[in-house]
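1. pasting the sequence and the predicted coordinates here, then a few questions.
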Protein chains: 4
Amino acid sequence: MTLKVGVIGTGMIGQDHIRRLTKVLSGVDVVAVNDIDVKRAASVAPGGAVVFETAGDLIRSETVEAVVICSWGPAHEAQLLDCIAAGKPVFCEKPLVTTAAAARRVIEAEVAFGRRLIQVGFMRRFDGDYRRLKAVIDSGSLGTPLTYRSVHRNASVPAGLYTSDMPLNDTLVHDADISRWLLSDEVKGVEVRLPRRSSRGGDLRDPTLVLLHLASGALVDVEISVNIAYGYDIRGEVSCENGVASLPERPSAVIRDQHGVRQRVPEDWRERFIDAYDQEFREWIAAAGQGTTTGPSTWDGYAATLVADAALRAAETGAFQPITMVAKPGLYDTAIAQAAE
Amino acid sequence: MTLKVGVIGTGMIGQDHIRRLTKVLSGVDVVAVNDIDVKRAASVAPGGAVVFETAGDLIRSETVEAVVICSWGPAHEAQLLDCIAAGKPVFCEKPLVTTAAAARRVIEAEVAFGRRLIQVGFMRRFDGDYRRLKAVIDSGSLGTPLTYRSVHRNASVPAGLYTSDMPLNDTLVHDADISRWLLSDEVKGVEVRLPRRSSRGGDLRDPTLVLLHLASGALVDVEISVNIAYGYDIRGEVSCENGVASLPERPSAVIRDQHGVRQRVPEDWRERFIDAYDQEFREWIAAAGQGTTTGPSTWDGYAATLVADAALRAAETGAFQPITMVAKPGLYDTAIAQAAE
Amino acid sequence: MTLKVGVIGTGMIGQDHIRRLTKVLSGVDVVAVNDIDVKRAASVAPGGAVVFETAGDLIRSETVEAVVICSWGPAHEAQLLDCIAAGKPVFCEKPLVTTAAAARRVIEAEVAFGRRLIQVGFMRRFDGDYRRLKAVIDSGSLGTPLTYRSVHRNASVPAGLYTSDMPLNDTLVHDADISRWLLSDEVKGVEVRLPRRSSRGGDLRDPTLVLLHLASGALVDVEISVNIAYGYDIRGEVSCENGVASLPERPSAVIRDQHGVRQRVPEDWRERFIDAYDQEFREWIAAAGQGTTTGPSTWDGYAATLVADAALRAAETGAFQPITMVAKPGLYDTAIAQAAE
Amino acid sequence: MTLKVGVIGTGMIGQDHIRRLTKVLSGVDVVAVNDIDVKRAASVAPGGAVVFETAGDLIRSETVEAVVICSWGPAHEAQLLDCIAAGKPVFCEKPLVTTAAAARRVIEAEVAFGRRLIQVGFMRRFDGDYRRLKAVIDSGSLGTPLTYRSVHRNASVPAGLYTSDMPLNDTLVHDADISRWLLSDEVKGVEVRLPRRSSRGGDLRDPTLVLLHLASGALVDVEISVNIAYGYDIRGEVSCENGVASLPERPSAVIRDQHGVRQRVPEDWRERFIDAYDQEFREWIAAAGQGTTTGPSTWDGYAATLVADAALRAAETGAFQPITMVAKPGLYDTAIAQAAE
C-alpha cells in the first residue's frame, strides 16, 4: 500500500518534496534519488534510499514504482519519455518541457501508451481557495463566466537572476493554467501591454499586463508585478453574467492597532501555497498507486508552453499572437476528476 | 450671501437638483427655471421662482447669479457660451458638449473671459471614498502609480434605450475622468476589447474591456458591465510601486444569516452617489459665490469627449486610437483646489 | 421658511453647532446667542445675531423661534422649563439634566404642555450605519434580538479631566441609548464588572464591562475602553434568533502595504459622527419648523440618567442594580418617526 | 519510525480518528482496536489490526505503543490510569474525566510517573487561526490582554439529546480552554447570565452568556448560542491595552450576487476544524514517538472540569462561583512547546 518513489533532481525544490514525501504525507516512501551532482543526491537521500548514477537507471529500477522529476527543464523530455516507456506514473515540476515540439512528443508517447502517467506541478489547482472559487463557477449560480482578472504580485525577485522574459515565460504560466482550469477553457491568443515601469526593479520590465483571449470569447486580464514590496499577493476574480466571485483574503488575525484594521499578507509562495503542495502530492500518490495520474496533465503543460511562447512574441511585437493547438487527444478529454471542495 | 440660481432643463435630473438646491443645501435659492417644455418648468418651479421662456433670457436675467444646466447635450454649447458672455458661473451636467470642436470653442471663450466659470458634473470626484483613495495616492506613501483598475457595473440598463455605443460614450466617461483625476494624468490613447457577450442584454455589446493609456505610461483597465443583475458596483484599485490602494466596500450592516456573512450592494447610482451629488453642489455654490468655479473643468469635459470619441473608434477598428489634445491653457493648470479628505 | 434659532452656550460644542447651523445646513438662521461669558458669546455670534445677557431673555425673545442648548448640564433644567413655558422647540445637548428628579420635572412640564418640544443630542441615532442596522433588526428577517454587544473605544481621554466615574455617567449613556433604540426596549437593571486595569490610564478605572438587562430579557454587554490608543472604534452586534447583524467597518481606502491589508480607524468622535451631527440637526430643523420635535426625547434623556445612576451604584456595590421608571406618558409612546434607511 | 497505535472506542469520533490515522497522516499505524461493542470494533478495524476484548488488554499489549481513547467519558479515568501504569502515551478525547476528583487522581498518577503521557482533545489549539491570534498576543505588540470575547454559535443541536446543561458542561469547555491558552491564564471564577430565550430550541436554555474571571483580572465573556440556524460560527477577540486582535472570517469565495457581497459560513464543527484535528494528531504522533505528549495536558482537562462544574452552579444560583485548583505540579509548568505560526 506504500508507493515507492524515486526523486530525480535534488536541488531546493527536490529537497522540499523529499521532506514532504517522507515527513508529511502517508502512503509513500522515497526509495531512490538521482541528481547530476551525485554527492548532493547522496547527502539528501533519506535513510534506505538508493542513489542512482543516472535518471534513466532510477526510472527503470524495479524498486521504483513512481517518479518525481525536479531536474531542470531541458532534461524533462527525455526523463518523461523514459517514464512512459517504463509505464511508471510521474510527477513533473514546471515546466513540463521547454518547447511546444517537445510537449507534442510527450503527448504522443503518453497517448500511445494509452493511459495518463504524467501530472504537472500546477499546485494552484490544489489550493482550497481556488477550489472553492471553481466550485462557485461550476455550480452555474452566477451564470456564464465572461471575464477573469488574475493578479500575481511578488514582493521581490532575485536581482540579476530574474530577467524581463520571466514574467511571461515563468510567472504567467500559473495564471494561464489557473484561468484555463477555472473557466474550463483554452487560450486562443495573447496580448501583452507594458505599463509605466516600476523603479524598484532597475531595468526589469515590470509590471506587465497580459490579455488572454479564451476559446469561448471570455477575456482574462492578468496583472503581473514582481517587485511590489508589500507581499506575495495572489488574487482572482471571475465576472459572470449575473454575479462575480473572487478569492478571499488569506486568513490571518485581524489586528486593530495604530496601523488601522489590518491583516497580514503572505510573504512568499511557500507561505501562500504550502497546503496546496501537500494536497497536490496527496492526490498524485493516490492516483499513482492505481498506476495513473489525475490533476494537471501533459496537455496542460503543452498549453502552458504555447502561452509562454505567444506571450514572449506578443511582448516583442506589440501585436495579438494567436495560439493553435493540435487536436486534443481523447486521453485528456475525460472529465476532470479533481473534486472541488 | 445666498446664491441666486437659475436652472435650465427640468427633466428628472433637473428636478432632482432643484430639490437638492432648495431642500438640502444652504446658501442658495432657485430663483429661475427654464425648459423647452414651459409647462413642465412651471409645474416644478419652486415658490417665487420665475419661469423663463428661453435659456438665454434666464442666463441674462439680472436676478440670476449662477446657472445650472440640465438640458440635453446638444443644447449645452450655446448655453455655456451665453453664460460666459454673461460672466456667470455655471454648473453643467454631463456631457459638457457633444463634439471635441464644441469643447474647444467653449474653452476658447472661457480662456478669453479669463476666469473659470464652468464646473462639469463629474460627481465621483466629490465622493468620500474616491477622495480618501486619492489622498493615499497623493501622499506618495505607496510610490508612483503604475496601473489602475476601474470596475463599473450596473445592475441593468433600460432595454432599447441603452445602445451598444453607450458603454463607451456615456458610461466610460466616468471611469476616464476619475482615472485622470486620481492619477493626475491625461489619456493618450484607447483600446477596446469585447469579451464574450452576456446573454442578459440581448444584442447589447456587454461587457466591455477598455484600456486607457495615460501620458505617464500608467495603464488603466476598465471593466464595464451594464446588465450584471446583482447591483450597482463601482470599484477602483491603484497598483503603485510598493503597494496598492482601493475603494472599500460600501458601509452596510454586516449580516450573518443563511446566505453567509454579507453586506448589501447599492441598487443604483442614486443610492451610491447621493452624498457626492450634494457635496458637488456645496463646493460649486461656495466657488460660484466668489464668481468662479473649482472642481472638474471645461478641460475635463473636453478630455472626456475625446476619450469617448476614441473609444468608439477603437471598438470599431479593434486598433489603438491615439488622443491628441490642444495645448492646455494656463487657466486649467492651477493646482486642483479640491481638498481630498 | 427659515427657522430662527437662538443658541445658549458658546463653548466648543456650541461654536461647532453655530458653524453647522450657519454654514452647513439650510432652512435655519442663528439670530441670537447667549453665554455666561458674554464676551465669548459676542465674539462667536454670527453676523446679525443678537447677544442676550441671559438664557431666559433669549428663550423669551420674539425673534427666537427655536432654541439650541449647549450650556453645562446643571443649567439645563431651568432652560428647558423656560423653553416649554415659551412653547418653543429645543435641541438640548447631553446630558438632558443631571438628576432623575429633574428629568421627571421636565417630563411633567412637557406632558402638561401637550406636545413634544425637546430633542436630546443622542446623535448616534442619526448615523447611517446605525440606521441601516436598525432597519435590519426591525425587518424581522433575523428573528427576535436576544443579545447585543456594544463596543465603545476611545483612543484617549484627557488625563486628570476624565475620571473613573465617567465611563459610567458620561460614556455609557451613548451605548445605553442606542441599545434601547436599536432593540426598541428599556433598561431594567445594570451590572458592572471591572476587568484587569489598563496601565495606560494611570489610576483610571479602565476598561469597564457593563451588562444592561432589558425589559424583554435581552441582554446587552458593553465594553468600554477609553485609552486604547489605536483609534475611536464604535462597534455593535445584535444576535437574533436566527442570525446576527453588526455595524460595518468605516469606509476608508483599503491599503495593501508593508503593514498588511488595512483600513484606517477614525481618530475621534468628530471624524466618526460628523455626518450624524449634521443629520441630527437637519431633522430637528424640519420638526421645529412644525413646532415640535422628533428623535430622542425627554423620556430618552430620563432613561439615560437612570442608567448612569444605576451603573455608578453597580460599580460601587458590585451588585445588580434595578431601574424603575415612572409610567411612560403617552406623549412619548408615538411610533418613532425617524426613518431608518 | 512508525507509531503503533491502539484505538479504544469505535463510535463516530473513533472511526473518524481511525480514518485520520490510516489515510491522512504519516508515521502511524492503527494496530489494535477495542470497543464495548466488539462486533463494531471488528467491523471498523483496519486491515491487520487486532481487536481486543477489553480496553485494558489493548493498553497492555506489547504491540501497542500509544493509545487513542474515544470511549465515553465515565470510562476514561480507568483507561488513563492503565495507560500511565503501562507508561504509554495517550490521546484522550474530551472530556478528560467527568469529575474533578477523577482529574486529580489522574494528575497524581501522571506526576508520580514523572513524564507527561496524556494529551486532551482540545483541537482548537491546533487551528491556524487561533495559533496566529495567539502569536499576536504573545508578541506583546498590543500590550497586556484585558478582556476576551469568545463567541460560540451552532446552527443547531439535536433536539432532545442536547439538554440545557450542555451549553455549560459540554460546549463551554472549548471556550474556557482556548481562553486559558490564548491569555496564558487560569479561570478563578464563573458567572452565568441567561438572556431572553430563543424560540427555536423549545424549552432549551439558549443563548447563554458566561463571564470567566481569570487569575490576572482579565475578563472573558462568552456568548453561546446553539440553535442560531445560519451556521457554525466561532469567533474570538482579545482587547489589549493598545490594540485588539481577533479571528478572521473563514476563507471562502467572495461572491457578489443578489444577496450582496458575501462569504459562506461553515456548516458545522467538522468543516470548521478538520485541519485542526489533523494537526492535533500530527503533533501527538511526533511527541508520542518520543514517549511523551505536548499540547493540552491533564491539567488543562482538570481546569475544564472545574469550569464546567462552576458554570452549572453559577447558572443554578445566579451567583459568582469561585474556582480553586490544587497546586500546579511542575510537570505542567514547562513552557508550552507548541509553536504558534
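-> On my side now, so go ahead.
2. contact residues of chain A facing chain D?
-> A:23-28, A:128-129, A:132-133, A:135-136, A:141-142, A:242-258, A:263-264 (CB under 8 Å from any CB of the partner chain). Glycine gets a C-beta too; all of them are placed from N, C-alpha and C.
3. from these, which land in helices?
-> Under the assignment DSSP state H, these contribute A:128-129, A:132-133, A:135-136 to helices.
4. in contact with residue A:243, which residues?
-> Applying CB atoms under 8 Å, 6 or more residues apart in numbering or on different chains to residue A:243 gives the contacts A:141-143, B:228-230, D:255-258.
5. just say helix, strand or coil for the residue nearest to residue A:196 when sequence neighbours are not counted.
-> Sequence neighbours aside, residue B:217 is the residue nearest to residue A:196 in space, at 3.3 Å (criterion: CB to CB, 6 or more residues apart in numbering or on different chains). At residue B:217, secondary structure determined by DSSP: H, G, I helix; E, B strand; the rest coil is coil.
6. in contact with residue B:217, which residues?
-> Each residue near residue B:217 by CB under 8 Å, 6+ apart is listed here: A:195-197.
7. columns pLDDT, secondary structure and neighbour count on top of the residues you listed, output as JSON lines?
-> As requested, the contacts of residue B:217 are arranged in JSON lines below (pLDDT from 0 to 100; DSSP: H, G, I helix; E, B strand; the rest coil; neighbours: other CB atoms under 10 Å in any protein chain shown):
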{"residue": "A:195", "pLDDT": "97", "secondary structure": "coil", "neighbour count": "26"}
{"residue": "A:196", "pLDDT": "97", "secondary structure": "coil", "neighbour count": "20"}
{"residue": "A:197", "pLDDT": "97", "secondary structure": "coil", "neighbour count": "18"}
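8. closest one of these to chain C?
-> Among those, residue A:195 lies closest to chain C (CB to the nearest CB), at 17.5 Å.
9. find the nearest non-adjacent residue to that closest one, please.
-> Going by CB to CB, 6+ apart, residue A:195 has residue B:219 as its nearest residue, at 3.7 Å.
10. so the one you found makes contact with residue B:147?
-> Yes. When contacts are counted by CB atoms under 8 Å, residue B:219 is listed as touching residue B:147 (5.1 Å).
11. now for those two: what residues contact both?
-> Residues touching both residue B:219 and residue B:147 (CB under 8 Å, 6+ apart) are A:195, A:209.
12. residue farthest from the centroid of chain A?
-> Distance to the chain centre peaks in chain A at residue A:258, reaching 38.8 Å (criterion: CA atoms, centre = their mean).
13. tell me the spacing between that one and residue D:245.
-> Counting by CB to CB, to the nearest Å, the separation of residue A:258 from residue D:245 is 13 Å.
14. what segments of the stretch 201-341 of chain A are helices?
-> Listed in chain order, the helices of the stretch 201-341 of chain A (DSSP state H, counting those that start in this stretch) span A:269-288, A:298-317.
15. for the last one, name the packing helices and strands.
-> Right, helix A:298-317. For helix A:298-317, the packing partners by 3 or more CB pairs under 8 Å, 6 or more residues apart in numbering or on different chains; DSSP states H and E come out as helix A:100-113, strand A:118-120, helix A:172-183, strand A:187-193, strand A:208-214, strand A:321-322.
16. what number of residues lie near the closest residue to residue A:11 other than its chain neighbours?
-> Closest residue to residue A:11 apart from its sequence neighbours, by CB to CB, 6+ apart: residue A:70 at 6.6 Å. Residues contacting residue A:70 under the criterion other CB atoms under 10 Å in any protein chain shown number 22.
17. so what's residue A:70 up against?
-> Contact partners of residue A:70, counting by CB under 8 Å, 6+ apart, are A:7-11, A:13-14, A:17, A:93.
18. now do the contacts for residue A:186.
-> Per CB under 8 Å, 6+ apart, neighbours of residue A:186: A:180, A:214-215, A:303, A:325.
19. what pLDDT does it get?
-> Residue A:186 carries a pLDDT value of 98.
20. that one and residue B:227, how far apart?
-> According to CB to CB, residue A:186 and residue B:227 sit 26 Å apart.
21. mind pulling up the pLDDT for residue A:1?
-> On the pLDDT scale, residue A:1 gets 67.
22. same question, residue A:335
-> So residue A:335 comes in at 46 (pLDDT).
23. pLDDT weak spots in chain A?
-> A:1, A:334-341 (pLDDT under 70).
24. does the closest residue to residue A:254 other than its chain neighbours have beta-bridge partners, and which?
-> Closest residue in space to residue A:254, ignoring its immediate chain neighbours: residue D:246 at 4.8 Å, by CB to CB, 6+ apart. Applying DSSP bridges to residue D:246 gives these bridge partners: residue A:254, residue D:237.
25. next, the contact list for the residue of the stretch 51-200 of chain A found nearest chain C, please.
-> Closest contact between the stretch 51-200 of chain A and chain C, by CB to the nearest CB, is at residue A:153 (8.6 Å). For residue A:153, the contacting residues are A:223-226, A:228, A:230-234, B:244, by CB under 8 Å, 6+ apart.
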